[in-house]
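In: next one to model:
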Amino acid sequence: MPHPDLDSTLQNATASLRNEPVQARSAARLTRLLDSAAEVIDEIGYERLTTAMVAERAGASIGTVYRYFPDRIAVLQSLSVRFLTDFVQEVGEALRADTVTGWSEAMDAVIETAVKSFATKPGFRSLRFGDVIDVRPREGDRTNGAVVAAVIVSAISEQVDSPESELQLRIEVALQMIDALLARAFAFDANGDQAVIDEIRTAVHGYLAPQFAA
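Out: Modelled structure (predicted):
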């Protein structure tokens, strides 16, 4: 489910790349660097990641890393863009399912997609969409989480009698709840603490139901 907010966010984030890979070989090298960064982050967290670690894991020289990324922050931002892009595409597919008929089913689909990302994508549970990276001043006026919220809003706005600005805020808050609870669920268990995961739907529905019923 495409959304115009996604395009501008991706353009800003990918500006951190020094060289745009136009050849297949170059694109494959960049993919390998980002895959390696994700693997290292999955093991030690994003705070301790260095460009030297990325180079070593990828079997590349440090010069190769700097060809694409000026510093470790650029690596993290570029990996965040990939996570964001994949998540938006996956959520869009989930929201197009015939079983999604209203906001309740839509949020269930979002929760399921988020759980899958936390469980299966190396580095995602640490970095998510990159909003955890405290780089100032921030580019633009929206977080990457807000971009995800806008995609959800575009899917459910016709089923909910709320102004779009209010709906955007409520979905952003719900996404923050999902993110925080999933971070707790996966803090000590790579498969996720099912007891915590089960509470996410209750918490999100409990927050949104009275808001949308008002």
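In: once you drop chain neighbours, what's closest to the one residue sitting closest to the centre of the chain?
Out: Among the residues of the chain, Phe129 comes closest to the average C-alpha position under Cα atoms, centre = their mean, at 3.1 Å. In this structure, Phe129 finds its nearest non-sequential neighbour in Asn144, 3.8 Å apart by Cβ to Cβ, 6 or more residues apart in numbering. Just so you know, the C-beta spots here come from the backbone N, C-alpha and C atoms, and that holds for glycine as well.
In: swap in Glu172?
Out: The nearest residue in space to Glu172 (Cβ to Cβ, 6+ apart) is Ala149, at 4.5 Å.
In: show me what counts as buried in the strand or helix carrying the one you found.
Out: Element membership for Ala149 (DSSP states H and E) is helix 144-156. Under the neighbour-count criterion of 16 or more other Cβ atoms under 10 Å, helix 144-156 has 144-156 buried.
In: how far off centre is whichever helix or strand comes after it?
Out: Next along the chain after helix 144-156, taking DSSP H and E as the criterion, comes helix 164-185. The chain centroid and the centroid of helix 164-185 are separated by 13 Å under Cα atoms, centre = their mean, to the nearest Å.
In: so which bits of helix 164-185 are buried?
Out: 167-172, 174-175, 177-179, 181-182, 185.
In: tell me which stretches of the chain form helices.
Out: All helices of the chain, identified by DSSP state H, fall at 4-14, 24-44, 51-58, 62-68, 72-95, 103-120, 124-127, 144-156, 164-185, 194-213.
In: on that earlier part again, surely the residue nearest to the centre of the chain and Gly145 touch.
Out: Yes: applying Cβ atoms under 8 Å, one finds Phe129 in contact with Gly145, separated by 5.8 Å.
In: flag the shaky bits of the chain, pLDDT-wise.
Out: Scanning the chain for pLDDT under 70 picks out 1-24, 136-140, 213-214.
In: give me the neighbour count for Met53.
Out: 20 (other Cβ atoms under 10 Å).
In: the residue nearest to Phe129 contacts Ile133, correct?
Out: No: look at Asn144 against Ile133 with Cβ under 8 Å: they stay out of range, at 9.9 Å.
In: quick one: common contacting residues for the two?
Out: Counting by Cβ atoms under 8 Å, 6 or more residues apart in numbering, the common neighbours of Asn144 and Ile133 are Ser80.
In: distance of the residue nearest to the centre of the chain from Leu33?
Out: 19 Å (Cβ to Cβ, to the nearest Å).
In: ok, Met177 next?
Out: Separation of Met177 from Leu33 (Cβ to Cβ): 33 Å.
In: now do Arg48
Out: 17 Å.
In: so between these two, which is more surrounded?
Out: Leu33 (24 against 11).
In: excluding chain neighbours, give the residue nearest to that one in space.
Out: Closest to Leu33 by Cβ to Cβ, 6+ apart is Ala58, at 5.2 Å.
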